[in-house]
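1. A predicted structure for the sequence below; I have some questions about it.
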Amino acid sequence: MTVLAYDLGASGGKALLGRLTDRGIEVEELHRFPNDPVQVGQRLHWDILRLYHEIKQGLLKAKLRGAVPESVAIDSWAVDFGLLGNNGELLGNPYHYRDRHTEGAMEKVLAAVPRERIFQRTGIQFLPFNTMYQLAALKEAGSPLLKEAARFLMIPDLLRYFLTGETMNEFSNATTTQLFNPTLGDWDGELLAALDIPPSWFGPVAEPGTPAGQLLPSVCAELGVGSIPVIAVAEHDTGSAVAAVPALERSFAYLSCGTWSLLGTEIERPVMNEEALRCNFTNEGGIGRTFRLLKNIMGLWILQELRREWEKEGQSRSFSELALLAAGAPPFRAWIDPDDALFLPAGDMLPRIRQYCLRTGQHAPEDAGEAVRCILESLALKYRYVLEMTERLAGRQFSGLHMVGGGIHNTLLCRWTASAIGKPVWAGPAEGSAVGNLAVQWIARGAFPDIWEARKAIRESFPVAVYEPEERDAWEEAYGKFIAVTGLAE
């Protein structure tokens, strides 16, 4: 059984063909493409029509390979969206979540609706770029888009609509908006009313694995392909990544590692108590009516931005070269809190790292090796901090940590994470979101009875690297200093 998965990340996308054979799961990369945001004046946008073009190229390449997928599905990052007018056309290019138009929006919403009330109704982590605050920012600015809007679609919903003409909101991504009520199992009318947003924009919410239409005749004619079914999988890429975790135990901790790091566990009911609010955890929708109790961590974004800055200066270094420089730098000299608001915007990352270190009375990194080591050590130590919070909130102890996603190619980060948490790290598969996307399509088509059988097949089909803790005393001492200098101990 052959299916096609599109996995769109903040920096690039890919189309992977998955084949389910008697040897297990086989994956072939058909198409890879950049996802570069576009600055227009003061606004930062996603190039949504370019992404749609690349999706069509993936279908075309499948045809040229002689592969006829039995279904197609898309997953992507969360929170961002497009608005359709009454005529079904897209109103404007979607904003990028790092655009500055949301600055101050969260504070204004919280002045009108108490933080406790929002968390009680959504269970979602407070981040300044959440969909809720993006809509509030548009409202505050008097955006003409809101006057013409008739339908709200998140990024995978929107791209799926371009393919099928069907408007459908999917569960895992809908939950990230901070406008979905998991207790009601529907959009939260009270919060929409507080934002003065019409509930008519929001359609029924479909579970992962729901059929979501067929390729439009116009798409089929353009590409010379047949009418292929489209599936709404776990369309938030973290939801798909967690679906691909090759866990042996029903109770497991995961880290989806890429531009963002998302660390947590899979639970049956959301945890929406005072401690979860205080820890700023989130409860996002998952596979099979589960929830993902997790925390967003800034992830490899800081390193990626640093590398881009060096490239602009003519210093092109691969991630593996940067890891070698970090390994050779002196250990445990300085740390940052990766989630400090200082590191959210793009650009000028090295001066901001130095600024943070000097502000907290630490040694400021002087060269590339020291800067990269500061980032990677800080991530590993922050992972421990969040893993321990996850254990407290979930009331569970985890025997180790499953790492999935492109970040596992950074073996130094995997090693240091195992050392920081004092437990084994199991790394793989690297293409976690795409593999989870494929798995949910196969479940929808009856090839697997449930996600646990799919995870078993994933475990048997993809290698998993095991990293054991090293230098425990040194990392234990470093952790105490890390939480002190970052203020996380307060």
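-> Sure thing, it's come through.
2. so where does the residue of the chain most remote from its centre fall, helix or strand?
-> Relative to the C-alpha centroid of the chain, counting by Cα atoms, centre = their mean, Ala221 is the outermost residue, at 33.5 Å. Following DSSP states H and E, one finds Ala221 within helix 217-223.
3. Now do the domain split for the protein, please.
-> For the chain, automatic domain parsing gives the domain ranges 2-237, 245-428+448-490.
4. Can you tell me which of those domains is nearest to Asn437?
-> Each of those has some distance to Asn437 by Cβ to Cβ; the shortest is domain 2-237, at 3.8 Å. Yep, even glycine has a C-beta here, placed from its N, CA and C like the rest.
5. pLDDT of the closest one, averaged?
-> The predicted model assigns domain 2-237 a mean pLDDT of 97.
6. what's the answer for stretch 385-393, then?
-> Model confidence over stretch 385-393, given as mean pLDDT, is 98.
7. Next one: Asn181 from Gly347, what distance?
-> 37 Å (Cβ to Cβ, to the nearest Å).
8. So for these two, which sits in the more crowded spot?
-> Using other Cβ atoms under 10 Å, the more surrounded residue of Asn181 and Gly347 is Asn181, with 17 against 10.
9. partners of the more buried one in the sheet?
-> Beta-bridge partners of Asn181, counted by DSSP bridges, are Asp186.
10. Surely it and Phe119 touch.
-> No: judged on Cβ atoms under 8 Å, Asn181 makes no contact with Phe119 at a distance of 11.4 Å.
11. ok, back up a step: and of the domains of the chain, who's closest to Ala434?
-> Distance to Ala434, taken as Cβ to Cβ, is lowest for domain 2-237 among the domains of the chain, at 4.0 Å.
12. Give me the below-cutoff pLDDT ranges for the stretch 351-490 of the chain.
-> Applying pLDDT under 70 to the stretch 351-490 of the chain picks out residues 490.
13. what about the strands in it?
-> 401-404, 425-427, 465-467 (DSSP state E, counting those that start in this stretch).
14. winner for burial among those strands?
-> Most buried of the strands of the stretch 351-490 of the chain by mean neighbour count (mean count of other Cβ atoms under 10 Å) is strand 401-404; its value is a mean of 29.
15. what helices or strands is that strand leaning on?
-> Judged by 3 or more Cβ pairs under 8 Å, 6 or more residues apart in numbering; DSSP states H and E, strand 401-404 is in contact with strand 253-257, helix 411-421, strand 425-427.
16. could you redo the last one with a cut-off of 6 Å?
-> Counting contacts by 3 or more Cβ pairs under 6 Å, 6 or more residues apart in numbering; DSSP states H and E, strand 401-404 is packed against strand 253-257, strand 425-427.
17. Just send those strands back as CSV, with distance to Leu16 too.
-> Converted to CSV, these look like this (distance: least, Cβ to Cβ, whole Å):
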stretch, distance to Leu16
strand 253-257, 17
strand 425-427, 19
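18. out of those, nearest to Leu306?
-> strand 253-257 (16.9 Å).
19. from the chain's centre, how far out does that closest one sit?
-> Distance, stretch centre to chain centre, for strand 253-257: 11 Å (Cα atoms, centre = their mean, to the nearest Å).
20. Contacts made by that strand with the rest, please.
-> 238, 241-242, 245, 262-263, 265, 398, 401-405, 407 (Cβ atoms under 6 Å, 6 or more residues apart in numbering).
21. Assess the claim that Asn280 and Leu127 are in contact.
-> No: if you go by Cβ atoms under 6 Å, Asn280 and Leu127 don't touch, sitting 8.5 Å apart.
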